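Undergrad: Quick one: sequence and predicted model below, then my questions.
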Amino acid sequence: MRLALPSDDVGLRQLLRRSAIPGAVRVAFTREPAYDAGAGVAGADDVTVLHEHDGHIDAMGRCSVRDLYRNGAVRRIGYLAELRAAAAAPLPRTALREGYARLADWSTRRGAEGFVTSIADDNVRARRVLERGGRLGLPAYRPLGALVTFLAPVLPVAGDRGARGAPVPPEELGAFLHRHACRAQLTLPWTDRCWRALAVHGVTSRDFAVVRRDGRIVAAAGVWDQRAFRQTVIDGVSGPLRLMRPAINVARRLRGWPPLPGPGEVLAQGALLAVSVDEARDWLALWPALQALAAARGLSWLSLSLDRRDPWCGILRALTRPREYFTTVYEVRWPHQPAWSEPWDDRLLRPDVGWL
């Protein structure tokens, strides 16, 4: 068990490609053409730990420490991700404990005040191990809330319906995004540092659609195409959907909708970024503008993660006709690592799916 090096690039990418997330639609989250191309997303400090057996990487885990809102204040929070293990080589418990300990030690030295992660509800294997991890000497996983991720098709749009995809002054946009971010949990602080960090991965104010009323911004969100450094690959489809997919796709094409992707395809997906809406009715103008931005970038799908308690869920289901995926967000605590003294308050979780 050791920290990853630049020379581990090929082995890490191969393990990610082989490690599909189970479900009716199996997906693999890959990092091509280089693992480190996705480093520092949204200003994160990243570390990856790996396990080798007979010269081959058979397990890995990653922690990204970044500034996020918690209870209305910006804190340094570590997000645990990319926990992967080759199915053919079960990881020894001692190695798993050591890997977690290394992630915690490195991240704490980078200023992490606490840790969170998310796990797909149908990833039974991971939940079975990690929710009971305290018995194995692993950190404790405590559920914080439940997310729903909408994967919505990009459909033809008639007119702009009052929304604008034109650039807006970054200061005005940043102030609006900041006002909304501090009202939720796990949102990015829209500081100059945040903008600079996102620009490294191609995000500027030109990637945002806004809605104005009486001259002021009342809704805004960005469209982030991450395919240049991070991809969602369809590994396989099972159950009734596998048999019905050809017929479904014929019907979808006739209606101008994107087809359901097949095995081996990279999902032409964009992540919505910093979704901020004053009133639910403003979605009626914002959503068509986001679709227009996505279509201009060659995207067929848009993704957004919301707290399942979020009042936006209902209107988005009606507007976007999405497929839905469910995950649980956990606070992860080590016995001898920092932990917040005050509990999480009841603000909605609104993490950007682009860094999950």
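TA: Cool, the structure landed.
Undergrad: make it CA atoms for all contacts and neighbour counts henceforth
TA: Fine.
Undergrad: Which pLDDT value belongs to Gly256?
TA: pLDDT for Gly256: 71.
Undergrad: Can you name the helix or strand that it falls in?
TA: Per DSSP states H and E: Gly256 is located in neither a helix nor a strand.
Undergrad: again with Ala295
TA: Using DSSP H and E, Ala295 falls in helix 283-296.
Undergrad: One more: Ala95?
TA: helix 93-109.
Undergrad: Give me the residues contacting that helix.
TA: 1-2, 47-51, 61-65, 78, 136-139, 334, 337-338 (C-alpha atoms under 8 Å, 6 or more residues apart in numbering).
Undergrad: one step back: for the helix holding Ala295, give the mean pLDDT please.
TA: Mean predicted lDDT for helix 283-296 stands at 94.
Undergrad: go on, stretch 110-130?
TA: Stretch 110-130 comes out at a mean pLDDT of 88.
Undergrad: what's the answer for stretch 77-84, then?
TA: For stretch 77-84, the per-residue pLDDT averages 94.
Undergrad: circling back to that earlier point, buried subset of the contacts of helix 93-109, written for PyMOL?
TA: Those of the contacts of helix 93-109 that count as buried under 16 or more other C-alpha atoms under 10 Å are selected in PyMOL with:
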select buried, resi 1+47+48+49+50+51+61+62+63+64+65+78+137+138+139+334
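Undergrad: Of the contacts of helix 93-109, which belong to strands?
TA: Arg2, Val47, Thr48, Val49, Leu50, His51, Gly61, Arg62, Cys63, Ser64, Val65, Gly78 (DSSP state E).
Undergrad: Going by distance to Gly215, which of those wins?
TA: Among the ones in strands among the contacts of helix 93-109, Val65 lies closest to Gly215 (C-alpha to C-alpha), at 37.3 Å.
Undergrad: Which strand residues bridge the closest residue to the closest one other than its chain neighbours?
TA: Leaving aside its chain neighbours, Val65 sits nearest to Gly78 (4.1 Å; criterion: C-alpha to C-alpha, 6 or more residues apart in numbering). Beta-bridge pairing of Gly78 under DSSP bridges involves Val65, Phe115.
Undergrad: quick one: contacts for Gly78?
TA: Cys63, Ser64, Val65, Arg66, Ser107, Ala112, Glu113, Gly114, Phe115, Val116.
Undergrad: any idea how far the second one is from Leu80?
TA: If I follow you right, that is Ser64. 7 Å (C-alpha to C-alpha, to the nearest Å).
Undergrad: Isn't Val332 up against Glu113?
TA: No: contact criterion C-alpha atoms under 8 Å: Val332 and Glu113 do not qualify, at 11.2 Å.
Undergrad: Look at these two and report which has more neighbours.
TA: Counted by other C-alpha atoms under 10 Å, Val332 and Glu113 do not tie: Val332 has more neighbours, with 23 against 17.
Undergrad: any idea where the helices of the chain begin and end?
TA: Using DSSP state H, the helices of the chain run over 9-18, 93-109, 124-130, 170-181, 192-200, 240-254, 283-296, 312-320.
Undergrad: Figure out which of these is closest to Thr328.
TA: Here helix 124-130 is closest among the helices of the chain (C-alpha to C-alpha), at 9.6 Å.
Undergrad: got a list of contacts for the closest one?
TA: Ile119, Asp121, Leu138, Ala140, Tyr141.
Undergrad: How far does that helix sit from its chain's centre?
TA: Relative to its parent chain, helix 124-130 has a centroid offset of 20 Å by C-alpha atoms, centre = their mean, to the nearest Å.
Undergrad: Number of residues surrounding the nearest residue to Pro33 once chain neighbours are set aside?
TA: Residue nearest to Pro33 in three dimensions, not counting chain neighbours: Phe229, with 6.7 Å by C-alpha to C-alpha, 6+ apart. Phe229 has 17 neighbouring residues, counting by other C-alpha under 10 Å.
Undergrad: For the remainder of this discussion, apply numbering that starts at 41.
TA: I'll keep to 41 as the first residue from here, and by that count the last item is Phe269.
Undergrad: coming back round to it: so which of the ones in strands among the contacts of helix 133-149 is the closest to Gly354?
TA: Gly118 (30.7 Å).
Undergrad: follow-up on the earlier one: give me the buried entries from the contacts of helix 164-170.
TA: Buried among the contacts of helix 164-170 by 16+ other C-alpha under 10 Å: Ile159, Leu178, Ala180, Tyr181.
Undergrad: From Asp322, how far out is the last one?
TA: According to C-alpha to C-alpha, Tyr181 and Asp322 sit 37 Å apart.
Undergrad: With respect to Trp264, which of the buried ones among the contacts of helix 164-170 is nearest?
TA: Using C-alpha to C-alpha, those come closest to Trp264 at Ile159, 22.3 Å.
Undergrad: Next up, the contacts around that closest one.
TA: So Ile159 contacts Ala166, Arg167, Thr367, Thr368, Val369 (C-alpha under 8 Å, 6+ apart).
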